[in-house]
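Novice: take a look and give me a structure for this.
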Amino acid sequence: GASVDRGSTIFEINDGVEAVQVEDFDMTADKQTAWLASKSGIRMVTDYLTTPVWTDAIFPNGDGSPYHSCEMVPGNPNTVYAGNVRVYKSVNAGATWNMVFTAENPPYNYHNTQSLVEAIEVCDFDTNIIMAGYYIHEPDKGGLFCSSDNGATWSQILLHASSTGQDVDVYDIVFNLEGSDTVAYVGVEYDLASPTGRSVYKLTKNGSTWTVTQDMNGATTSTGTVIVATIRDLFVSLSADTIYACGTDAGINHPIAYYKPLNTTGKWTPFTTTGFPFVAGKQGYAVTKGVDTLYAAVDNEIYFYDFSAGTWQLGSTYPVGMKIYFLYFDDLLVGTSTGLYSQVGVSNPSVVNDGEGIAETFGL
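Specialist: Purely as a prediction, here's the structure:
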């Protein structure tokens, strides 16, 4: 807010969803409806392409706790899952919610304040299947959980550990149909101080079970070497023939982006680092693909890769210290630690105070 009479009255100066940490976003294919998860609740937008209407902040648990993930059921935007320490589900556009899963209870016994549901994914070609990925602040580890009955019952899928409970910290999950196989890719954290899992795991559904393999070993990389990295974000191309990944090499050595061309080698391949901030200490946070351009977020910057040129270029710079949680295309929607922003093209967004305290935002 702002005042022009020494604080006697204060008026609203926000334009859009600002001043909140926007951590996850899911939108329908027609770009009309979306859900947003933030540290200030869940929000739904309808009629986005015409006259966007946002709900007020929704708190499924009614306690003001932050939310880190959200996901609609494909073809049914009124049915949505949201994650904080637990997984909640609404079937009536957020009017009412039910808790469908928590890992706080036995046999998992996850910490009830340090745990967070970092990722929720509904399989778009078999919506009975939902996966939720937990991240737990150090020194504990999270894990991956799956439901095959619309969230009614859940079980843990072990990626690295050999027994139920703490496994690996999960950052992202995507599904893909490969031939007749239902496949999930899971990006996880690599902790140099406590190496319990790394890079990307591939899960292939076989009946009611999932076969888990580490997908960045020498046999599945174009270099023939093991990739040891934290993978924060995964993206499946619209044609479903390429998986993209963005993250940080082991030990926060440098940010990196990879792709897996399923229609050719089927092996994870590093993108060129020409034009990319191949700098120790920087971290890769998000990746998405437009019509002919790949976008990757590194710290507070967004780089784009023109496939015809084969090099990276710096596209946009947000204020230093601003964290980018996700990228979403059409128009480039950017979820950050201070709001949800919309960019057209790759010019710098107007997110710096312009004297009126107003920023260009994806808006109300």
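
Novice: please make it C-alpha for all contacts and neighbour counts, starting now.
Specialist: Noted.

Novice: so, low pLDDT: which residues of this structure?
Specialist: Counting by pLDDT under 70, the chain shows low-confidence ranges at 14-19, 344-364.

Novice: how about the helices of it, start to end?
Specialist: Taking DSSP state H as the criterion, the chain contains no helices.

Novice: not counting its neighbours along the chain, what's nearest residue 117?
Specialist: residue 134 (4.6 Å; CA to CA, 6 or more residues apart in numbering).

Novice: residue 235 too?
Specialist: Using CA to CA, 6+ apart, the closest residue to residue 235 is residue 244 (5.0 Å).

Novice: ditto for residue 173
Specialist: Leaving aside its sequence neighbours, residue 173 sits nearest to residue 186 (CA to CA, 6+ apart; 4.6 Å).

Novice: test my guess that that neighbour contacts residue 197.
Specialist: No - look at residue 186 against residue 197 with CA atoms under 8 Å: they stay out of range, at 11.1 Å.

Novice: state the distance from the nearest residue to residue 329 once chain neighbours are set aside to residue 307.
Specialist: Spatial nearest neighbour of residue 329, chain neighbours left out: residue 290 (5.9 Å); criterion: CA to CA, 6+ apart. Relative to residue 307, residue 290 is positioned 11 Å away (CA to CA, to the nearest Å).

Novice: who has more neighbours out of those two?
Specialist: Legend: neighbour count by other CA atoms under 10 Å for residue 290 and residue 307, higher for residue 290 (15 against 11).

Novice: tell me if I'm right that that one and residue 330 touch.
Specialist: Yes - the criterion here is CA under 8 Å, and residue 290 meets it with residue 330 at 7.2 Å.

Novice: what touches both of these two?
Specialist: Shared contacts of residue 290 and residue 330 (CA atoms under 8 Å, 6 or more residues apart in numbering): none.

Novice: thinking again about what came up before, who's in contact with the residue nearest to residue 173?
Specialist: 170, 171, 172, 173, 174, 200, 201, 202, 203, 234.

Novice: same deal with residue 166?
Specialist: 108, 110, 140, 141, 142, 143.

Novice: most widely separated two among the residues you listed?
Specialist: 108 and 140 (12.0 Å; CA to CA).

Novice: ok, residue 54 - how many residues close by?
Specialist: 19.

Novice: in space, what's closest to it - neighbours in sequence excluded?
Specialist: residue 45 (4.4 Å).

Novice: report the beta-bridge partners for that neighbour.
Specialist: residue 34, residue 54 (DSSP bridges).

Novice: that one: how many residues sit nearby?
Specialist: Around residue 45 there are 19 residues (other CA under 10 Å).

Novice: against residue 150, how distant is it?
Specialist: From residue 45 across to residue 150, the span is 23 Å (CA to CA).
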